[in-house]
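In: Based on what follows, work out the 3D shape:
(3 chains)
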Amino acid sequence: MIDQVPLSHYLLLSAILFTIGAGGVLIRRNVIVILMCVEIMMNAVNLTFVAFSRYLDSATGQIFVFMIMVVAAVEVAIGLALLVELNRHKESTNIDEFNSLKG
Amino acid sequence: MTQLIWLVIALPIFGVLFNGILGRRVGYKVVSIVGPLVVFLAFLVGVGAFFETMNRGGAPVTVNLWTWATIGKTFNVPINLLVDPLSVLMVLVVTGVGFLIHVYATDYMVHHDENGHAHPDRDFSRFFTFLNLFIASMLILVLGDNYLMMYVGWELVGVCSYLLIGFWYDRSAQEQTPIDLGPDHESVKLAPLLSPAASGMKAFIVNRIGDVGFALGVFLIWQTFGTLQFDKVFYSAQFVPQASPTIIPWITFLLFIGAMGKSAQIPLYVWLPDAMAGPTPVSALIHAATMVTAGVYMIVRSNALYALSPTVSLFIATIGALTALFAATIALVQVDLKRILAYSTVSQLGYMFMAVGVGAYSSGMFHLTTHAFFKALLFLGAGSVMHAMHDVIDIRRMGGLKDKMPHTYRTFVIGGLALAGFPLMSGFFSKDEILTKVFEFSPILWTIGIVTAGLTAFYTFRAIFLTFHGHPRDQHLYDHAHENRSPITVALWILAILAIFGGLLGLPSAVIPVPHLMDKWLQPIFVSHEEVVHHLSLLKELVLLSTSAVVAVGGIGLAYFFYVVNPTIPQNLARQTRPLFNLLANKYYIDEIYHEVFVNSGLNFAKNMAFGVDRLIIDAVFVDGLPKLVNSLGQLLSRLQSGYIRDYALATFVGVLIMVSYFFLR
Amino acid sequence: MQLIFFYILAVVAVISALGVIFNRNLVHSALALLVNFCTVAIFYFMLNAQFLGVVQILVYAGAVIVLFLFVVMLLGADLGEQVTNWVTPQTLLAVGLSMILLTVVGSSVFEYPVQGAHGDLTMVAVQQYGQVQLIGAALFTDYLLSFELAGVLLLVGIVGVIWLGRLVPQKVKETKQV
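Out: Now for the predicted structure:
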């Protein structure tokens, strides 16, 4: 039984979402928003995995997504903790303030 | 013993390791036993090999030790030792004379003060290390059965020579007192003597020039014959001339350039007089008896090649004759006892080359052997005088030493007689044999030879009379002079006996009906196996023999007249022929000319390279320029490191974009 | 019917994603993100991945968004950039690059057919055993090691966050600055 929505639709949607996330990372300067955009990109990738999993009748894609979710949760937790720590030093969440890596 | 011939080399090398590593720890007494002992044991092995070779009738035996280098299927250098009459003769000369000189040096390198306390030279063990190393190197040179091993030994003896000339490397250059020509005349100024370190370098560099020629000769042999083994090369050589007539002359000429350097022939003889800056045993062993004769040995060894190139042989004979005369004239007026002997060595080497040049190879070897005896004796005698005179070597400050040093005096006179060619001494027979052979070849060369013989007799006895006869010219030195201890005098007497009876090795068979031992012994190594035929009649031979006897005695008598009977003659003569005297005293200004032409132009070239090429191109462009370029590039690139994380993200994005495009759109 | 539903949801997902970026207020951004996560969860349900859909709502919509909001509240919503003008060279460059990426990836969707072996997670199996049971079986058999590692990763994350979030004593801070 094949779904009514073709696979390519999901793939295209996830490509659009991924591109929006990537563009957001480049556009915004606020670290919180950048983290949010990273989450959007991850979700886009997850969507691809699940779509493939569905159309190939395979559990692997869903396991992948599960693992990505674990990593994403940890990443958000650590990222935000770092952000709080950074904010203590610089009193800012503007990413352009953190430029002491200048060569 | 023949199969154990490697011991001849291994024993001195053991001495090198022992003296070099443990020498300082065990003290000079142990060193002065071990140093000579290893050479003596090597001599015994050599004697064993000598008798075995005699029993074999002179057939050569090759002892394979191991293979040194194999490159591809064709280039193969085995370490073979060749035991044949020639190499055995050289081994006996090197180890025999070398042993006596080692014994002599055990005392010479120790200074005894008035209370009888011994003060060895502070580098006593280093001296014996180098001396043993020299013996080992020289034996490698003469025992190798191919040109590569000969070349290795050739270079090793050069290194030893350098190390030993500069043995007293901390001594500086010495001014020479000008030669006084009486109250109303300007004295003749002399150039200062080089420091030992500079002399060592000079010897090494001049030898290097010759060695380039030698190396090229070896390369050409390889190129032509595809092998460096003596027997194969000599066998193939007879087929070469038809194919390419210029190859053999080139090989022999290039090899002779090496011999010019090592054996101090014109134009590369200049290092030998300066080599006298080394300790006297070194002068005796290396710069008179053995190393400098390596060139003669090489030509005799390669006689098969030289016999095929008469032009080069004639060239060698000419160079030898010129060198003999040239050096003898310089020796006439030198004031430094060792330098007189040094020039006489150059001159005698000239004789040897004259002999091998005219094809009288065994005569050359004969003279080499007797010369090793009497020249080592003379040098050791000179060293004995120096030792007694607190290192003074200027004969103008000596005189009347014959009563103070009877052993040295007697042995020195014996050596002098042999060198002068006084009848029935060893030098008489060997020199006369050469002159006879040369006369058969060319009377012009004979004339040069006989004149040189006269000069030799004259300057030898000039040195003897000035040193041992007359009145002491430096009373203080004379009072302190004394005969030396037994190691020195014993070595002198043994050499003196050899110098007297060495002539028995080669009595002229045309005159005295006994076989010529040297000829017979060396017969197997010559390509032409026919008996040596004498073209001269007995009468001519006798005339030549008596001519050289008369010339020798005449030269001695003239010296006696000049320096004992009427000592004012030399000064008067020098005043009358002042320009000539000046020229001779300053050694024809050859050193100065070489310095101007070669050394200075070389220095200028180096200066230009240093300040032009090196400073402006290498330093500015490469050494300084490249870092500057890298630095500025780095600074340019470091602007990419803006520190803005979004820039990095952008760069990553672009990179990913490119990769994705590549994967999807290729 | 399902296709129309898909289109509506897709539009919502895209608009909410754009909303994350182009909202000046951080709280609004976070809420837009919440909407986005929820639409993705619904897509999961539509794709027969009910387990992941639930986890998506729990982890993302529940935990992550709450965490974001929490930090925004903690630091103040007005922190960071004050966006005055969206049309800057930087923005245009980013948009341009994003468009190129979309073109490349999107075109590839139609270029390459999906290939691969079909697994055993068929609709029939799902209806027979239940989706969660099948995923669980896979997790605890074939993917046990990665499952354990995920647990370790979470533990490390917890420890790290606690370490980062602790209040640094004044004394240590001074030596650090020196």
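In: For the rest of this, base every contact and every neighbour count on C-alpha atoms.
Out: Fine.
In: Tell me which residues touch B:Ala289, please.
Out: Residues in contact with B:Ala289 (Cα atoms under 8 Å, 6 or more residues apart in numbering or on different chains) are B:94, B:97, B:368, B:371-373, B:375-376.
In: low pLDDT regions in the stretch 451-600 of chain B?
Out: B:527-536 (pLDDT under 70).
In: from it, which residue is nearest to chain A?
Out: The nearest approach of the stretch 451-600 of chain B to chain A comes at B:Asn600, 54.3 Å away (Cα to the nearest Cα).
In: give me the number of residues near that residue?
Out: B:Asn600 has 13 neighbouring residues, counting by other Cα atoms under 10 Å in any protein chain shown.
In: That one - that's part of a helix, no?
Out: Yes: the assignment for B:Asn600 (DSSP: H, G, I helix; E, B strand; the rest coil) places it in a helix.
In: ok, it to C:Ser98 distance?
Out: As for B:Asn600, its distance to C:Ser98 is 75 Å (criterion: Cα to Cα, to the nearest Å).
In: just B:His185 next, same as before
Out: Between B:His185 and C:Ser98 the distance is 107 Å, computed by Cα to Cα.
In: Compare the two and say which one has the larger neighbour count.
Out: C:Ser98 (24 against 9).
In: Can you verify that one is assigned to a helix?
Out: Yes: the assignment for C:Ser98 is a helix, going by three-state DSSP.
In: check which helix or strand covers B:Arg462.
Out: If you go by DSSP states H and E, B:Arg462 is part of helix B:443-468.
In: following that helix, which helix or strand comes up?
Out: Using DSSP H and E, the next helix or strand after helix B:443-468 towards the C-terminus is helix B:475-480.
In: coming back round to it: buried stuff in the helix holding B:Arg462?
Out: Neighbour counts over helix B:443-468 (16 or more other Cα atoms under 10 Å in any protein chain shown) mark B:445-446, B:448-468 as buried.
In: Spatially central, which residue of chain B would that be?
Out: Centroid-nearest residue in chain B: B:Val292, 2.4 Å away (criterion: Cα atoms, centre = their mean).
In: How about it: what's its closest non-neighbour residue?
Out: Distance criterion Cα to Cα, 6 or more residues apart in numbering or on different chains; nearest residue to B:Val292, sequence neighbours excluded, is B:Ser263 at 4.3 Å.
In: cool, and B:Tyr459?
Out: Nearest residue to B:Tyr459 in three dimensions, chain neighbours excluded: B:Leu332, at 5.1 Å (Cα to Cα, 6+ apart).
In: And for the one you found, the neighbour number?
Out: Neighbour number of B:Leu332 under other Cα under 10 Å is 21.
In: returning to what we had before: thought B:Ala264 was touching the residue nearest to the centre of chain B, still the case?
Out: Yes: if you go by Cα atoms under 8 Å, B:Val292 and B:Ala264 touch, sitting 7.0 Å apart.
In: what is in contact with the two at once?
Out: Joint contacts of B:Val292 and B:Ala264 (Cα under 8 Å, 6+ apart) are B:Leu349.
In: Tell me the gap between the longest helix along chain A and the middle of its chain.
Out: Longest helix in chain A, counting residues (DSSP state H): helix A:60-90. The chain centroid and the centroid of helix A:60-90 are separated by 10 Å under Cα atoms, centre = their mean, to the nearest Å.
In: Which strands or helices does it pack on?
Out: In terms of contacts (3 or more Cα pairs under 8 Å, 6 or more residues apart in numbering or on different chains; DSSP states H and E), helix A:60-90 is packed against helix A:31-56, helix C:50-55, helix C:65-75, helix C:131-140, helix C:144-165.
In: Just the angle for that helix relative to helix A:31-56, thanks.
Out: For helix A:60-90 against helix A:31-56, the angle by axes from the mean of the first three to the mean of the last three Cα atoms, to 10 degrees is 180 degrees.
In: buried sites along helix A:60-90?
Out: In terms of neighbour count (16+ other Cα under 10 Å), helix A:60-90 has its buried residues at A:60-85, A:87.
In: So, low pLDDT: which residues of the chain?
Out: Because you didn't say which chain, this covers chain A. A:1-3, A:103.
In: Let me rephrase: I mean chain B.
Out: Ranges of chain B meeting pLDDT under 70: B:1, B:527-536.
In: what residues does it put near chain C?
Out: Contact residues (Cα under 8 Å from any Cα of the partner chain) of chain B with chain C: B:654, B:657, B:660-661, B:664-665.
In: let's see it at 7 Å
Out: Counting by Cα under 7 Å from any Cα of the partner chain, chain B comes close to chain C at B:657, B:661, B:664.
In: can you tell me which of the residues you listed lies nearest to chain A?
Out: The closest of the residues of chain B next to chain C to chain A turns out to be B:Leu657 (Cα to the nearest Cα; 11.1 Å).
In: Which residues are in contact with the closest one?
Out: The contact partners of B:Leu657, by Cα atoms under 7 Å, 6 or more residues apart in numbering or on different chains, come to C:Leu101.
In: element containing it?
Out: Element membership for B:Leu657 (DSSP H and E) is helix B:645-665.
In: So what touches stretch B:368-377?
Out: If you take Cα under 7 Å, 6+ apart as the criterion, stretch B:368-377 is touched by B:93, B:284-285, B:288-290, B:293, B:352, B:412, B:415, B:418-419, B:426-427, B:492, B:495-496, B:498-499, B:502.
In: one more time with 8 Å, if that's ok
Out: B:93, B:97, B:284-285, B:288-290, B:293, B:296, B:341, B:345, B:348, B:352, B:411-412, B:415-416, B:418-419, B:426-427, B:430, B:492, B:495-496, B:498-499, B:502-503.
In: go on, stretch A:81-98?
Out: With Cα under 8 Å, 6+ apart, stretch A:81-98 has contacts from A:29-32, B:643-646, C:71, C:75, C:79-81, C:161, C:164-165.
In: For burial, what's the neighbour tally of B:Thr67?
Out: Counted by other Cα under 10 Å, the residues lying close to B:Thr67 total 11.
In: which stretches of the stretch 51-200 of chain B form strands?
Out: Using DSSP state E, counting those that start in this stretch, the strands of the stretch 51-200 of chain B run over residues B:61-71, B:75-83, B:110-112, B:118-120.
In: any chance of the ones you listed in TSV, plus distance to B:Leu401?
Out: Formatted as TSV, these follow (distance: least, Cα to Cα, whole Å):
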stretch	distance to B:Leu401
strand B:61-71	50
strand B:75-83	45
strand B:110-112	19
strand B:118-120	24
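In: Return the most buried member of the ones you listed.
Out: Greatest average neighbour count among the strands of the stretch 51-200 of chain B goes to strand B:75-83 (a mean of 20), per mean count of other Cα atoms under 10 Å in any protein chain shown.
In: quick revisit: what about the residue nearest to the centre of chain B, which SS state?
Out: On the three-state scheme (three-state DSSP), B:Val292 is labelled helix.
In: what residues are up against it?
Out: Counting by Cα under 8 Å, 6+ apart, B:Val292 touches B:262-264, B:286, B:349.
In: just checking, next helix/strand downstream of the lengthiest helix in chain B?
Out: Ranked by residue count, the top helix of chain B under DSSP H comes out as helix B:196-225. Next helix or strand after helix B:196-225 toward the C-terminus (DSSP H and E): helix B:230-237.
In: next one: that next one to chain centre, how far?
Out: Here helix B:230-237 is found 27 Å from its chain centre; the criterion is Cα atoms, centre = their mean.
In: helix or strand right after it?
Out: helix B:240-243.
In: Let me see the domain layout of chain B.
Out: As given by automatic domain parsing, the domain ranges for chain B are B:146-585, B:597-665.
In: Between the two ends of the last one, how far is it?
Out: Looking at domain B:597-665, the gap from its leading to its trailing residue is 74 Å under the measure Cα to Cα.
In: Repeat that for the longest one.
Out: With Cα to Cα applied, domain B:146-585 spans 43 Å between its terminal residues.
In: So the residue of the stretch 501-650 of chain B found nearest chain A, which state does it fall into?
Out: Relative to chain A, the nearest point of the stretch 501-650 of chain B is B:Gly643 (3.8 Å; Cα to the nearest Cα). Assigned by three-state DSSP, the conformation of B:Gly643 is coil.
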